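A.B. asks: below are the sequence and a predicted model; questions follow.
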Amino acid sequence: MSFGWKLDVSAEEALIKISGEIDFTGTPALREELHKFIEISSGEVRVDLSELEYLDSSGLASLIELRRMLTLKDRTVVIISVTEQVDKLLHLTQVKSLFGME
């Protein structure tokens with residue numbers, strides 16, 4: 001099933017790259033994939049959103065959930081790159097600092 005987004009992961013590098021568009025129709029599958037990634041990776045997780053064209057509040061909630069789950073395992077998450085649209089959302093919702101951005 002296609003949700004309009006693509007997830008590329010590297011457990012060895014603890015890197016997640018999300019591209020395309022994330023809205024409420026695709027977030028359940030995204031959350032499932034993020035849960036799987038947590039189990040196969042270790043250390044700080046880096047998230048690359050440089051090719052993510054659209055992110056709505058449900059997608060943002062998935063990223064915040066990722067952070068919460070990693071925190072429970074004494075791990076951290078940082079967003080290393082974003083598009084302009086995603087940057088605006090993170091700024092408006094004042095969550096940039098949660099992901100090591102400023």
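C.D. replies: Arrived safely. Numbers count the residues shown, from 1 in each chain.

A.B. asks: export the helix-or-strand element of the chain with minimal mean pLDDT as CSV, just CAs?
C.D. replies: The weakest-scoring helix or strand in the chain, judged by mean pLDDT, DSSP states H and E, is strand 5-10 (a mean of 88). The C-alpha coordinates for strand 5-10 follow below in CSV (Å, rounded to 0.1, in the frame of the first residue of the first chain):
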residue,chain,number,x,y,z
TRP,A,5,5.9,8.8,1.8
LYS,A,6,9.0,6.7,1.7
LEU,A,7,11.1,5.6,4.6
ASP,A,8,14.8,4.7,4.2
VAL,A,9,16.6,3.5,7.3
SER,A,10,20.1,2.5,8.2
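
A.B. asks: mind listing the strands that strand pairs with, and their directions?
C.D. replies: If you go by DSSP bridges, strand 5-10 pairs up with strand 15-22 (antiparallel).

A.B. asks: coming back round to it: tell me which residues of the least confident helix or strand of the chain are tucked away?
C.D. replies: Burial within strand 5-10, assessed by neighbour count using 16 or more other C-beta atoms under 10 Å, is assigned to W5, L7, V9. Heads up, the C-betas are built off the backbone N, CA and C, glycines and all.

A.B. asks: also stretch 52-65?
C.D. replies: Using 16+ other C-beta under 10 Å as the test for burial, stretch 52-65 gives L52, L55, S58, G59, L60, S62, L63.

A.B. asks: could you pull out the helices for the protein?
C.D. replies: In the chain, the helices defined using DSSP state H lie at 27-40, 57-72, 84-92.

A.B. asks: TSV for those, including mean pLDDT?
C.D. replies: Formatted as TSV, the helices of the chain follow (pLDDT from 0 to 100):
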stretch	mean pLDDT
helix 27-40	94
helix 57-72	97
helix 84-92	95
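
A.B. asks: distance to D48 added to those, as a markdown table?
C.D. replies: Shown next, in a markdown table, are the helices of the chain (distance: least, C-beta to C-beta, whole Å):
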| stretch | distance to D48 |
| --- | --- |
| helix 27-40 | 13 |
| helix 57-72 | 12 |
| helix 84-92 | 11 |
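
A.B. asks: which one's the longest strand in this protein?
C.D. replies: strand 45-55 (DSSP state E).
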